[in-house]
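S.K.: just to be clear, the model below is a prediction. Sequence and coordinates:
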There are 2 protein chains.
Amino acid sequence: MRIDYRRSLEKAARQMILIHRPDTLVKLILRAIQRTVKVRHAGMFIYDKSRDAYVVKISRGFSGLKIPSGFAKLNADNPLITYFTDQRLPFDRGSLLWDKIRRLKPLRRDKKTAAFISSLKFNLSLYSARACIPSFCRRELVAVLFLGEKINRKSFVEEEVGFLSVLASDMAMAIKNAWLVEDLNQQLERNKRLLLQVVSALASSIEAKDQYTKGHTERVVDCAMQIARRLKHTVDSQAWSSFTEELKVAALLHDIGKIGIPEVVLNKPDVLSEEERRIIQKHPLIGQSILGHIEGFESVLLGVKYHHERYDGCGYPEGLKGKKIPFVAAIIALADAFDAMTSDRPYRQALSLAETLEEVRRNRGKQFSPIVVDAFLKIYENKDSR
Amino acid sequence: MRIDYRRSLEKAARQMILIHRPDTLVKLILRAIQRTVKVRHAGMFIYDKSRDAYVVKISRGFSGLKIPSGFAKLNADNPLITYFTDQRLPFDRGSLLWDKIRRLKPLRRDKKTAAFISSLKFNLSLYSARACIPSFCRRELVAVLFLGEKINRKSFVEEEVGFLSVLASDMAMAIKNAWLVEDLNQQLERNKRLLLQVVSALASSIEAKDQYTKGHTERVVDCAMQIARRLKHTVDSQAWSSFTEELKVAALLHDIGKIGIPEVVLNKPDVLSEEERRIIQKHPLIGQSILGHIEGFESVLLGVKYHHERYDGCGYPEGLKGKKIPFVAAIIALADAFDAMTSDRPYRQALSLAETLEEVRRNRGKQFSPIVVDAFLKIYENKDSR
C-alpha cells in the first residue's frame, strides 16, 4: 500500500471531526476511499435506531455497480451484520473478505455454520461486495463499510484491510459525534419551538379575557415580524436571529400586564374615564413586573415595558423620546397601533386601510419612529404594486 | 522516532473525538505525549475568547519544571503567540524550536527582528520550553503546545516535530468540537431554565388574580417534586429526568384554566353555590384547551386535565378511577389538596399538620392514589424522625 494514499486518507479522516452532518461526513470519506483505494464502488450502511437496521445513506460507484437503492437496508439479523455482532459465531469480529469466505470449506464445519457461510456468500454477491469492514465505536457496531472489486481486480491485502479498519472505526467515532451534535441541535430547536408555543398559548389565553381584542396578539406578532424583515439591513447580521426571536416573544407578551387589570375596566364597552385610563395604562409596568426576574429576557422586557412610548416623548410609562425608545418596543408600538386602528371597537368603527396608512404617515416622527414607519409602509406599498 | 510511540499517540488522538470536555481531552493527550515523547514537562495554552488570551488549562511535569501557575496566561500579543499569528514577521507559521531560535544570528537582521528574537528567547526560557507547537484549526490558532526538555537531553528532530504538529492540529479540531458540544449543552440548559422561568412567571401572574391562593402554585410544585423524589424507584431511570421536568411544568400550570373563570366567581369570599362550583370545575378542561396544541406537552396536559380526578372515580372532569388516572395528575392532586387543607380560606380555617396528615391517610385509596399517599407520608415521617 503506497504511503501517499494512506496519507491522503488519513488527512480526510482528520477533517471528519469538524463535519457534523453524518451524510456529508460519509460522502466525503467514501469519495476519498474510492479515489485512493480505487474500487469500483463503496457504500456505507449506518445503524438507524428508529428502524433497528443498517441503512445505506451514501453509495458511490459506477452506475449498475453501486448498491442498488432497493437493497438499501440490512436488518440487524442479516448475516452481513451478525457476522460482526453475534459472538456465538465461530468468526472473529474483523473484516469480512470475499476471498476468505469463498475459500472456506463448509464440509468441515457443522451444518448451521455451513448454512451461514452460504448465506454470507449470497449476500456478498447481492451487493457485489468484496470486503465488508465494520465500524465499531467501543463495542457498538455503528456502521459497515462495503467495498466493491478493485479496478485492477486484485484481492485486498492484509495491510490495506488493517488500515481501512482503523479508518472505519475513526468514521464510527465521527458518526457518533455527528449524531450527538445533530441530536443536541434538534433538542435545541424543539426547545425553542416549545417556548414559543407555550408563550403563545398563555398569551392568547390571557388575551381571551379582553373580549374586544380577539386575535390581536397574533396580528401584532405578524405585523412586527414583517416590519423587522424590512429592517434586516439595520441589524447586525450575527444578532439577527436572536433579535427576531426576542421581538417575537416580546410581541406575544406585549399585553401580558393586562392580566393585572380588573375585568370590569378591561371589558368596559364605553370610552374609558380618566381614572380607568390611568388603570389600563399600568399594564406595561405590570408586564415588566411579571417578566422582570427571567434571566435572558432583558430585550423582551424592553419591548413589553416600552411599547406605549411615543417618538415625540408623549407616551407612557416613562415618556422616553426618539432613539431612547428600544427598537423592539418601537416596532411593537406601530404594529399594536396599526391593529387597533384597523379593528372595530364598541365605541368606534375600524378605519379603512387607506385611512390607517394616512394616519401612520401623519404620525411619522410624532407617535412613531420614522425608520419603523418607512419599513412598515414598504409592506403595503409592495402589496399595492403586486 | 519509534513506530510504537507514534501508534500509541495516534490511538490516543483517535479517541479525542469522543471526549467532549476540553479539559479532560487536553489532560489525556498531554499524559500520552509526556509518556511517549519523554519530556520533562508538557503544557497546553488554549485560546480563551472571553479574555482574548491563551490560558494554560493543564500542565503536566515534574514539580518545579512545569509551567508555574503565575505564568498561566499569554496575551494575544505575546511573542510566543505572534510568532504564529503575525503574518508580517519573517518566520513560517511552523513550530518554534529553542535550538533553532538559539542559533539565529540577529546581527544579520533588522533591529526590530533582533528585538523580537531576544524577546522570544526570554519567553521560551521563562516557560522552560524547548518546543512550541501551534494547534491550528483552519486558519485559527486554537492552542499552543509547550514541551520542555527531553529527559535524554537531546534535541527534537524534524520527524518528531512534524508528527507532533499533526497531533496538535488534531487536538485543535477536537477542542473546537468539544467547545461546540459544550456550547450546545449550555444553550440547551439555558433554554430549559428559560422555559421554566417563563412558565413560572406567567403561572404566578395568573394565580395573582385568585386572591385567596397566593403562593399556592409554588407550594404545589415543591410538594409534588418531593413526592416524586420518593417515587423515583417506580419510574424508569432513563425516563426520570423528563418525568420530573414534565411534572414540574404540569404542577406550575395545573390551575392555568382559572384564567377562563370570571373574577367574581374566583374571588367570591363565601362558599360557592352549585352553579358557581360547576363553573369553577371547568378549569381543568379550560387548561386543556389552552395547552392542547403544544407539541411535546402531552404529559403536562394530562397533569393539568386530570388533577381533580379521585382514586375512587368520584372526581372530575371524567371520573377516571384508580390507575387510569395519569401518575403526574395523581401526584399533583395530592399536592394540591394538601396545600388547600393547610391554607386559610375566608369561609374556613386551615387544618393543622396533624389533622391534614390524618385526612390524607383516611383518604388513601379514596380520594388519593395509595402509592402517592405512601410516598407523601414518608416526607413527613422523615421530618418527624429528624
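M.R.: Everything's here; your move.

S.K.: residues of the stretch 101-250 of chain A that sit close to chain B?
M.R.: A:137, A:166, A:169-170, A:173-174, A:176-177, A:180-181, A:184-185, A:187-188, A:190-195, A:197-199, A:201-202, A:204-206, A:208-209 (Cβ under 8 Å from any Cβ of the partner chain). Where C-beta positions appear, they are placed from N, C-alpha and C, glycine not excepted.

S.K.: quick check on those residues: which are buried?
M.R.: Neighbour counting with 16 or more other Cβ atoms under 10 Å in any protein chain shown marks A:137, A:166, A:169-170, A:173-174, A:176-177, A:180-181, A:184, A:187-188, A:191, A:194-195, A:197-199, A:201-202, A:204-206, A:209 as buried within those.

S.K.: beyond the single longest helix found in chain A, next helix or strand please.
M.R.: Ranked by residue count under DSSP state H, the longest helix found in chain A is helix A:158-207. Next along the chain after helix A:158-207, taking DSSP states H and E as the criterion, comes helix A:216-230.

S.K.: relative to helix A:158-207, how tilted is that following helix?
M.R.: Helix A:216-230 and helix A:158-207 are oriented at 130 degrees to each other (axes from the mean of the first three to the mean of the last three Cα atoms, to 10 degrees).

S.K.: restrict helix A:216-230 to CA atoms and write it as PDB.
M.R.: Output of helix A:216-230 as PDB, limited to C-alpha atoms (Å, rounded to 0.1, in the frame of the first residue of the first chain):
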ATOM      1  CA  HIS A 216     -54.900  40.900  18.400                       C
ATOM      2  CA  THR A 217     -51.700  39.400  19.700                       C
ATOM      3  CA  GLU A 218     -51.300  37.100  16.700                       C
ATOM      4  CA  ARG A 219     -51.800  40.000  14.300                       C
ATOM      5  CA  VAL A 220     -49.300  42.200  16.200                       C
ATOM      6  CA  VAL A 221     -46.700  39.400  16.100                       C
ATOM      7  CA  ASP A 222     -47.300  39.000  12.300                       C
ATOM      8  CA  CYS A 223     -47.000  42.800  11.600                       C
ATOM      9  CA  ALA A 224     -44.000  43.200  13.900                       C
ATOM     10  CA  MET A 225     -42.200  40.400  12.200                       C
ATOM     11  CA  GLN A 226     -42.900  41.800   8.700                       C
ATOM     12  CA  ILE A 227     -41.600  45.200   9.800                       C
ATOM     13  CA  ALA A 228     -38.500  43.600  11.200                       C
ATOM     14  CA  ARG A 229     -37.800  41.700   7.900                       C
ATOM     15  CA  ARG A 230     -37.700  45.000   6.100                       C
END
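
S.K.: what residues does that helix touch?
M.R.: Helix A:216-230 has contacts (Cβ atoms under 8 Å, 6 or more residues apart in numbering or on different chains) with A:200, A:203-204, A:207, A:210, A:235, A:243-244, A:247-248, A:251-252, A:254-255, A:331-332, A:334-336, A:338-340, A:343, A:372, A:375-376, A:378-379.

S.K.: surely residue A:21 is in contact with residue A:179?
M.R.: No: taking contacts as Cβ atoms under 8 Å, residue A:21 lies outside contact range of residue A:179: 10.4 Å.

S.K.: what about residue A:374, how many residues nearby?
M.R.: Neighbour count for residue A:374, taken as other Cβ atoms under 10 Å in any protein chain shown: 15.

S.K.: ditto for the one 5 residues further on
M.R.: Around residue A:379 there are 14 other residues, counting by other Cβ under 10 Å.

S.K.: one more: residue A:301?
M.R.: 22.

S.K.: same question for residue A:119.
M.R.: Residue A:119 has 15 nearby residues by other Cβ under 10 Å.

S.K.: what's the answer for residue A:44, then?
M.R.: With other Cβ under 10 Å as criterion, residue A:44 counts 29.

S.K.: picking that back up, residue A:21 and residue A:179 - which one has more neighbours?
M.R.: residue A:179 (16 against 11).

S.K.: for the helix or strand containing residue A:247, name the packing helices and strands.
M.R.: Following DSSP H and E, one finds residue A:247 within helix A:240-253. Where contact means 3 or more Cβ pairs under 8 Å, 6 or more residues apart in numbering or on different chains; DSSP states H and E, helix A:240-253 is packed against helix A:158-207, helix A:216-230, helix A:298-305, helix A:327-341.

S.K.: so which elements touch the last one?
M.R.: Read it as helix A:327-341. Counting contacts by 3+ Cβ pairs under 8 Å, 6+ apart, helix A:327-341 is packed against helix A:216-230, helix A:240-253, helix A:298-305, helix A:353-362, helix A:370-385.

S.K.: now residue A:311: how far from chain B?
M.R.: Residue A:311 sits 30 Å away from chain B, going by Cβ to the nearest Cβ, to the nearest Å.

S.K.: many thanks, I have nothing further to ask.
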